[in-house]
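> I'd like to go over a predicted model; first the sequence, then the structure.
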Amino acid sequence: MARPLEITVNGKRHRVAAAPDTPLLYVLRNELNLQGPRFGCGLAQCGACTVHVGPDPVRSCVMPVVAVRDKPVTTLDGLASRYRAAKGVTDPIRLHPVQEAFIEEQAMQCGYCSNGWIMTAAALLERKPGASDDEIRKGLSGLKCRCGAHMSVLRAVKRAGKAMA
Amino acid sequence: MTSSNPVAARPSHPITRREFLQTAGALVVSFSMPIPGMAATEGSTSATGRYPEKVAADRLDSWLAVNADGSVSAAVGKIEAGMGIGTAFAQIVAEELDVPVGRVRIRMGDTATTPDQRGTGSSNGIIQGVPALRSAAAEARQALLAMAAAHLGSPIETLAVHDGVIRVVDAPERAVAYSALVGGKRFEIKLSGTAIVKAPATYQLVGKPVPRMDIPPKVRAEYVYLVDHKVPGMLHARVVRPPHAGARLIAVAPEQKITGLVKVVTRGDYVAVVCEREEQAIRAARELRVQWSNPEPMFPPSYDALYASLRGTAPKVSEVQKGATGDVDAALHTAARKIEAEYEYPFQSHACMGPGCAVADVRTGDVRVWSGGQKPYPLRKAIAEMVGVPLEAVRVTWMPGPGSYGMNDADDAAMDAAILSQAVERPVRVQYMRQDGTGWDPKAPPIAFRLRGGLDAQGELTVLDYEARGFSGRIRPNGTETAGDALSPQLIGGYKAGSTDLFQYSDESYKVPNKRKTSHIIAWEQSMATGLRTAHLRDPDGMATCFASESFIDELAAAANADPVAFRLRYLANAKHVAAVKAAAERAGWEARPSPRPGNARSGVVRGRGIAYAPRAGSIVATVAEVDVNMDNGEMRVTRFVTAHDCGYVVNPLNLKGTIEANLIQSMSRAMHEQVLFDATRVRSVDWLSYPIVDMTEIPDAIDIVVLNNQPEVESKGAGEPSTRPTAAAIANAIFDATGVRVRRVPFTPEALLAAFKAPGKRA
């Protein structure tokens, strides 16, 4: 019998009941009851399921859960607390600058896809806080928003970039 | 059976409505006055799980409650489609009641506890939701003032309200809070309809940019969407749709070993798998070995063939719109210059961000369905019919889904959840895979147009003839009212949608001496139970009809060598329409000259601008698009939109801005990219590669919005759809301005543009 599968999500260890090849998304949603990543396509084409594995944005709908057994996973549910811990922020309601900017800019319509934009933008800006307009557009290329909230999303990510620079 | 319901034994036959009502009378009465502030779910279901036929719309308690903590809960028979209408509703209630907006909670679309306003559609959330909530809140305020007058021993005229506390104006220490008067209790009054609402000039909250209340929980991943809803003992299901349109189920291979499989449900040509876990259901649906028949092709093999068939098939019904003027045929005959053009608009998919999802728990006498569809009230009837129970046994609770733009696949999923829960006698969650969502959701219908017009010797427009030939646009009706309106009952067999015909007219106010509009509806019954059923998609038919109509006006302007704005203004008969076109042009810095733009090169990137306008149900939109077009590879980008928008008084300008921007981007996506691919046997658009939509790299540099007639005394009209309408035409007109080439078929893909640039004789 192989050792039980455990993963670390938002700083906590969890034992996984699902089969090792189960896409991470279903473990996060159904076993851990997290609400950040959502199913959009199951094909890594839309980004609604994006999580961070280490510092990198990853499409959890196609990532087998076993592939992250030794890597820290962060979801939108845990993005703010990871940011606070990294920055030594004690205010418990303080959000990640990208989250703050999404509120400031009212950067969504239905919000079903917002997880993908926030998580991808957070990873992008953490790597390159001063990203240009063009770099932001290209960095967010491929993510889908069916409602068409792109204008507000772009404003929000630029605002966050300024705040993080 | 996992039911904890003491009376959950399944009857051998459906109980009749009469039997049902004989045992349920008392409960119906108690349910007719729910307190909206009470828990909407378990707390308000009775032991026998029976629900009122209708929430009493004439009772104040059906609409509004003051909770013990002083917060206010209001109920409305509308839903949130993703534009933030809940916050607008909260503003209305807070305004009339004099409570802080943050203390108002809005509940929507629960057939057991919110009044039946049918749900949302036709951009009517504000139009119908606002007056209902405004008058309910005014009645509540009036009742509370009367209670306070008695409580404080001071006449109503001496009292004032601030933040939910009523005070004697001259003795402010004499005060009582709403919550002390009625907190947690019912008003027990009938709506009089006579309560005086506030004068618009005094508004403190309405008309203000109140930030959306749903956004902070959404960015914190705390907002509960329908997809997050879990019921104890819930199983997971996926559907297995036929591989070809019209394919019949022959057999499912027996005895397949599939992990976690609870049941393979087959009925007629309907196949679904139910499993313990979600990932198991996904795998089971993929691995299930199913044998299907190989039917004769049901669809035209291509868009060329489709449009030819629309033009060549005898219509099932035709109509000339009322209000035709003059003698069109004679005027066309005698016109100094006659212009004719054909336009084509394809099938388009809702392609919602999340494919259809629903949860159902079907028990005897208590059928619960959690659905993301826009019209939960009619859906309840369809569910009752399918499950075989009286209406009073069914409660449909709307929960937020992905943004929805009309009749998408949400109701289909709700029907699946109910069918499958009944089959396995457990609660079931079903979510479609992307191929089910894009491949099988109901589609906006294609339309083929022919427009003809004539100019006299002076270049004046003397005749305008509009002719649309489209599929019966409601193969999937506007609202799921019967079981057959949803997909799976059609696959099961014996159920048929209540298909309706809706004529496809453009809307504008051009005054032309000879003018006629004809709409032909072509039968499309063979699309029933296929991925090419037609249905409402945002601004149903509006983008298509405006694309044809406003492109053609542009062609006429070019033929008359006139500036496109000036040409429109010459003929527009409605002052508000004139104002919208002028406002858009002015804000855009419109340079008055005919199109195409003189001096544009035949290679490299060229620039152009175009305008289009349309009224929609009392709202008016005029949009200017500025585009860059690469003549060498056909790539086109809208660099800027300018939109003048008149929807009367704006409840929340922040929401309006977000809604208009998103309408423009979504409709730009539909104009640039979107066409459902199909061949003779099946839909080939099944994911985001085969049904591409707009990308962040393509969005404009700026969107400028001019809001017109935003005065408190002007009635508020809808904004959910109108700014979708002119976009395709505005872009096509801009492409013409830039390139001198007229594109008459949506979408304007690089391949299509390049082909148009190279086609001989296309250039103006």
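Arrived safely, thanks for sending.

> give me phi/psi at whichever residue of the stretch 301-450 of chain B sits closest to chain A?
Nearest residue of the stretch 301-450 of chain B to chain A: residue B:403, at 3.4 Å (CB to the nearest CB). In short, each C-beta sits where N, CA and C put it, glycine included. Main-chain torsions, residue B:403, degrees, to the nearest 10: phi -50, psi 130.

> low pLDDT regions in chain A?
Within chain A, the ranges that satisfy pLDDT under 70 run A:1-2.

> just the helices in it please.
For chain A, applying DSSP state H gives helices covering A:24-26, A:76-87, A:97-104, A:114-127, A:133-139, A:150-164.

> any buried residues in the second one, and which?
Read it as helix A:76-87. Across helix A:76-87, burial judged by 16 or more other CB atoms under 10 Å in any protein chain shown covers A:76-84.

> contacts for it, please.
Contact partners of helix A:76-87, identified using CB atoms under 8 Å, 6 or more residues apart in numbering or on different chains, comprise A:9-11, A:34-37, A:51-52, A:74, A:89-92, A:94-99, A:115, A:118-119, A:122, B:219-221.

> what subset of these is buried?
Among these, those classed as buried by 16+ other CB under 10 Å are A:9-10, A:34-37, A:51-52, A:74, A:95-99, A:115, A:118-119, A:122, B:219-221.

> among the contacts of helix A:76-87, which are located in strands?
A:9, A:51-52, A:74 (DSSP state E).

> farthest-separated two in those?
The two members of the ones in strands among the contacts of helix A:76-87 with the most space between them (CB to CB) are A:9 and A:52, at 10.3 Å.

> elements contacting the longest helix seen in chain B?
Identified as the longest helix of chain B according to DSSP H is helix B:125-152. Under the contact definition 3 or more CB pairs under 8 Å, 6 or more residues apart in numbering or on different chains; DSSP states H and E, helix B:125-152 sits against helix B:60-63, strand B:64-66, strand B:72-76, helix B:85-97, strand B:159-162, strand B:165-168, strand B:171-177, helix B:178-182.

> partners of the second one in the sheet?
Paired with strand B:64-66 in the same sheet, following DSSP bridges, are strand B:72-76 (antiparallel).

> I'd like the average pLDDT over the partner strand.
In this model, strand B:72-76 carries a mean pLDDT of 95.

> got a list of what the residue nearest the centre of chain A touches?
Geometric centre of chain A, nearest residue: residue A:119, 3.0 Å, by CA atoms, centre = their mean. Residue A:119 makes contacts with A:36, A:50-52, A:57, A:75-76, A:79, as judged by CB under 8 Å, 6+ apart.

> repeat that for 10 Å
Residues near residue A:119 by CB atoms under 10 Å, 6 or more residues apart in numbering or on different chains: A:36-37, A:47-52, A:57-58, A:60, A:74-76, A:79, A:96, A:98, A:143.

> what's the closest non-adjacent residue to it?
Of all residues not flanking residue A:119 in the chain, residue A:50 sits nearest, at 4.2 Å (CB to CB, 6 or more residues apart in numbering or on different chains).

> residue B:745 too?
Per CB to CB, 6+ apart, closest to residue B:745 is residue B:344, 4.3 Å.

> what helix or strand is that neighbour located in?
strand B:337-345 (DSSP states H and E).

> starting at the chain centroid, how far to that strand?
30 Å (CA atoms, centre = their mean, to the nearest Å).

> do stretch B:422-438 as well
22 Å.

> now swap in stretch B:354-363 and tell me
From the chain centre to the centre of stretch B:354-363 is a distance of 20 Å (CA atoms, centre = their mean).

> export it to PDB, keeping only CA atoms.
As requested, the backbone C-alpha atoms of stretch B:354-363 are provided in PDB (Å, rounded to 0.1, in the frame of the first residue of the first chain):
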ATOM      1  CA  GLY B 354     -19.500  27.600 -16.300                       C
ATOM      2  CA  PRO B 355     -21.600  25.000 -18.200                       C
ATOM      3  CA  GLY B 356     -25.000  24.200 -16.800                       C
ATOM      4  CA  CYS B 357     -25.200  23.000 -13.200                       C
ATOM      5  CA  ALA B 358     -28.000  22.100 -10.800                       C
ATOM      6  CA  VAL B 359     -28.700  20.200  -7.700                       C
ATOM      7  CA  ALA B 360     -32.000  18.400  -7.000                       C
ATOM      8  CA  ASP B 361     -33.400  16.400  -4.200                       C
ATOM      9  CA  VAL B 362     -36.600  14.600  -5.300                       C
ATOM     10  CA  ARG B 363     -38.600  13.100  -2.600                       C
END
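
> could I get the buried residue list for it?
B:354-363.

> about what we covered before: count of neighbours near the residue of the stretch 301-450 of chain B closest to chain A?
By other CB atoms under 10 Å in any protein chain shown, 28 other residues sit near residue B:403.

> what's the answer for residue B:232, then?
8.

> likewise residue B:662?
For residue B:662, the tally of surrounding residues (other CB under 10 Å) stands at 27.
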